[in-house]
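Colleague: just the structure for this:
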Amino acid sequence: MEPHVLTDKNQVPTEEVILSHIGQSKSFWESIFKYIHEDHPDFAEQWKFYKDGNCWLLKVTRKSKTIFWLSIIRDAFRITFYFGDKAEPAIMDSAISGKLKDEFLNGKRYGKVRGITLTIKNNRDIEYVKSLITVKLGIK
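Modeller: You can find the predicted model right below:
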């Protein structure tokens, strides 16, 4: 896996800093955040420096529910969703790729949850993010 780039705890991730790292992925970044801000205006975004991973992560939430985590890597960014077992049927019925479904089914467990991580590289990945947001919001 590509290492994170936002490892200076004194450099808060501004849009300028982020765009300088993600390069050609800028249009995908803009597309995802346009979707979030237009379709889910109640989502909150918070950057925080995490000592355990030695990097800045963006946590996107709705009220107290974490929707996903976002990290910046060289020339791209990754989004990770965590789901419990009860999300499995919805994930299997979703429009995400078989590879991502397998990642969830066979993924490492962190307590009661498993993750799905997407490195955003094309418009299809954006559609997968939208599908996983829908799954996340559908879980009670």
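Colleague: buried sites along the longest helix anywhere in the chain?
Modeller: Counting by DSSP state H, the longest helix found in the chain is helix 123-138. Using 16 or more other C-beta atoms under 10 Å as the test for burial, helix 123-138 gives Asp125, Ile126, Tyr128, Val129, Lys130, Ser131, Leu132, Ile133, Val135, Lys136. Yep, even glycine has a C-beta here, placed from its N, CA and C like the rest.
Colleague: mind listing what the closest residue to the last one other than its chain neighbours touches?
Modeller: What it means is Lys136. The shortest distance from Lys136 to any non-neighbouring residue, by C-beta to C-beta, 6 or more residues apart in numbering, is to Ile67 (5.4 Å). Listed by C-beta atoms under 8 Å, 6 or more residues apart in numbering, the contact partners of Ile67 are Phe43, Val60, Thr61, Phe81, Ile133, Lys136, Leu137.
Colleague: isn't the fifth one up against His40?
Modeller: I take that to be Ile133. Yes - counting by C-beta atoms under 8 Å, Ile133 touches His40, with 7.2 Å between them.
Colleague: after the helix or strand bottoming out on mean pLDDT in the chain, heading C-terminal, what element do we hit next?
Modeller: The helix or strand of the chain with the lowest confidence, counting by mean pLDDT, DSSP states H and E, is strand 109-110 at a mean of 93. Next along the chain after strand 109-110, taking DSSP states H and E as the criterion, comes strand 113-119.
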